[in-house]
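Enquirer: 3D model of this:
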Amino acid sequence: MGRIGGLLPVGGGLTRAGDRLIRAGDRLIGVGDRLIRAGDRLIGVGDRLIRAGDRLIRAGDRLIGVGDRLIRVGDRLIRAGDRLIGSGDFTICWSFGGNPLILRSVPMPQERVSIKDIARQAGVSVGTVSQALRTVGSTSSKTVERIRLIADQMGYKPNPLLASLARTHFKSTPSDDRIPIAILVQDSKDRPPDVPDFDIRITATQNLAERMGYSLIAANYDQVTNFKSYARQLYYKGVQGIIFSPQSVPNLDQFFEADWSHFRMVVCCSDPRLVHYSQIDGNKYDTVQRAWQEVRALGYQRIGFALMSHTPVHYDDHLRYAAAVACQRTVPNEAHIPILDCPLYDEAAFLRWYRTHRPDVVVGFHIRLAYWLMDAGFSIPDDVSFACLHHTLNPADYSFMEAGINSFEDRVAAMSVTLMDQLIRHHTMGIVNEPVRVLLHPTWSAGVSCPQKR
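Expert: Now for the predicted structure:
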């Protein structure tokens with residue numbers, strides 16, 4: 001009995017442990033049931049996704065079928081269009097899925113007319129057509145007019161891109177094959193000192209013209225006795241454009257009695273009498289403003305403008321005077337020095353003005369003013385500083401490096417050729433409705449004639 005009594009507690013403990021294990025098993029069975037139900041739900045979702053995928057596949061198959069039908073319709077439309085090319089206006093009606101597909105009446109695009117087509121129609125060579133359309137060569141004016149009429153009737157339009165590529169490709173061809181342009185100048189030994197040095201312009205123009213595929217014909221105004229006859233000579237030489245400055249033309253009225261309507265015209269100055277022609281010049285108003293800003297930055301307060309004036313007065317003279325007045329309005333009245341406005345070469349008037357007002361710096365129209373001061377016994381820059389509005393037109397003429405606005409000559413020359421090239425490419429001749437006007441921005445060069453104010 002004693003041993004049995006000792007085993008009873010052990011058996012009770014095992015019974016309780018068994019009960020716990022049973023309850024744990026029940027819980028695991030519950031978890032398993034839930035997992036099974038979750039799996040069933042996932043299977044249901046998967047079935048639905050599979051059915052949705054099947055529907056998408058069938059929809060894709062239908063779209064592929066529609067695409068195939070559209071491709072077949074497109075093929076039929078292309079074949080129909082091929083049959084209608086060249087027939088002018090047309091209307092296409094087509095049946096698609098039992099519904100009519102209608103394209104409204106439109107003109108078929110035509111192929112670009114080439115000079116070969118024009119040559120075939122005119123019964124001449126391709127070279128003759130090319131020369132007639134570019135107004136070069138020796139083709140008679142009657143033939144040129146007939147070819148141009150045929151070109152217009154056929155709807156010929158030049159292709160600027162091809163022309164540019166051709167010009168680039170053949171830019172190294174001999175000079176005889178280049179398109180001639182003319183620049184009208186005045187002999188340097190006879191020109192007035194205020195007229196720009198066209199030797200600089202000729203050199204800069206010729207270098208750029210040759211690189212762009214043009215040949216330059218330089219003509220001296222003094223050697224032309226009859227502009228009407230000279231214009232005809234240039235026309236028969238095949239000259240395409242004229243670059244000139246009216247400032248160096250002795251008789252502008254006589255110049256424009258000639259017929260220049262067959263040429264592109266580029267004017268190397270700003271002139272209200274020539275508003276119907278493209279013009280290139282330095283910005284004369286900004287030139288005075290820039291000189292004022294530079295000498296003010298150097299510390300000068302009493303600034304004298306010796307602008308002078310041409311006879312007769314030029315358009316540029318008005319611009320310079322207006323700019324000088326605008327500059328003076330930025331400082332108190334007591335700092336104003338009267339603007340010198342006398343004939344361009346009146347040395348006595350200039351020296352009287354200087355002795356009367358004694359400015360710290362003279363902003364002068366041309367370098368000759370500095371030499372007038374030195375000839376009168378004044379030292380530059382010890383007695384007075386000097387800044388020139390036309391800086392070093394010809395350095396070989398001067399004994400010192402003056403400060404001032406750089407000459408525009410080489411830049412005007414380069415831009416004149418560039419603008420002439422554009423006029424030639426666009427077949428713009430004579431008087432134009434919308435001429436181009438280019439004004440170049442001034443640049444400043446420091447020099448010993450205008451040092452920092454002490």
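Enquirer: strands of the stretch 1-150 of the chain, residue ranges please.
Expert: For the stretch 1-150 of the chain, the strands defined by DSSP state E, counting those that start in this stretch occupy 89-96, 99-107.
Enquirer: tell me the helices and strands packed up against the longest helix along the chain.
Expert: When the chain is scanned for its longest helix (criterion: DSSP state H), the result is helix 2-84. Judged by 3 or more C-beta pairs under 8 Å, 6 or more residues apart in numbering; DSSP states H and E, the packing partners of helix 2-84 are strand 89-96. Any C-beta I mention is one placed from the backbone N, CA and C, and that applies to glycine too.
Enquirer: and stretch 329-349, what's buried?
Expert: Of the residues in stretch 329-349, those scored as buried under the neighbour-count criterion (16 or more other C-beta atoms under 10 Å) are 337, 339, 340, 341, 342, 344.
Enquirer: which residue packs closest to residue 228, ignoring adjacent ones?
Expert: Nearest in space to residue 228, with sequence neighbours left out and distances taken as C-beta to C-beta, 6 or more residues apart in numbering, is residue 258 at 4.6 Å.
Enquirer: same thing with residue 367?
Expert: Spatially, and ignoring its direct neighbours in sequence, residue 367 is nearest to residue 388 (5.2 Å; C-beta to C-beta, 6+ apart).
Enquirer: residues near that neighbour, how many?
Expert: 28 (other C-beta atoms under 10 Å).
Enquirer: ok so it is a strand residue?
Expert: Yes - secondary structure of residue 388, determined by DSSP: H, G, I helix; E, B strand; the rest coil: located in a strand.
Enquirer: got a list of what the spatially closest residue to residue 154 that is not a sequence neighbour touches?
Expert: With C-beta to C-beta, 6+ apart as the criterion, residue 154 has its nearest non-adjacent residue at 4.8 Å, and that residue is residue 113. Contact partners of residue 113, counting by C-beta atoms under 8 Å, 6 or more residues apart in numbering, are 151, 154, 155, 156, 157.
Enquirer: go again with 7 Å.
Expert: By C-beta atoms under 7 Å, 6 or more residues apart in numbering, the contact set of residue 113 is 154, 155, 156.
Enquirer: filter those down to the buried ones.
Expert: Using 16+ other C-beta under 10 Å as the burial test, those include residue 156 as buried.
Enquirer: if we can go back for a sec, tell me what the residue nearest to residue 367 is bridged to.
Expert: With DSSP bridges applied, residue 388 shows beta-bridge pairing to residue 364, residue 404.
Enquirer: wait, it touches residue 364, no?
Expert: Yes - because the distance of 5.9 Å satisfies C-beta atoms under 7 Å, residue 388 is recorded as touching residue 364.
Enquirer: how far away is the residue lying closest to residue 244 once chain neighbours are set aside from residue 73?
Expert: On the basis of C-beta to C-beta, 6+ apart, the spatially nearest residue to residue 244 that is not a chain neighbour turns out to be residue 184, at 4.0 Å. Here the criterion is C-beta to C-beta, to the nearest Å. By it, residue 184 lies 66 Å from residue 73.
Enquirer: helix, strand or coil for residue 218?
Expert: When the structure is split into helix, strand and coil by three-state DSSP, residue 218 lands in strand.
Enquirer: who does it form a beta bridge with?
Expert: Each beta-bridge partner of residue 218 is listed here, defined by DSSP bridges: residue 183.
Enquirer: that older thread, between residue 184 and residue 73, which is the more surrounded one?
Expert: Neighbours were tallied for residue 184 and for residue 73 using other C-beta under 10 Å; the higher tally belongs to residue 184 (23 against 15).
Enquirer: now do the contacts for the more buried one.
Expert: With C-beta under 7 Å, 6+ apart, residue 184 has these contacts: 219, 221, 242, 244.
Enquirer: what is the burial count for the first one?
Expert: Right, the one you point to is residue 219. By the measure other C-beta under 10 Å, the count of residues near residue 219 is 17.
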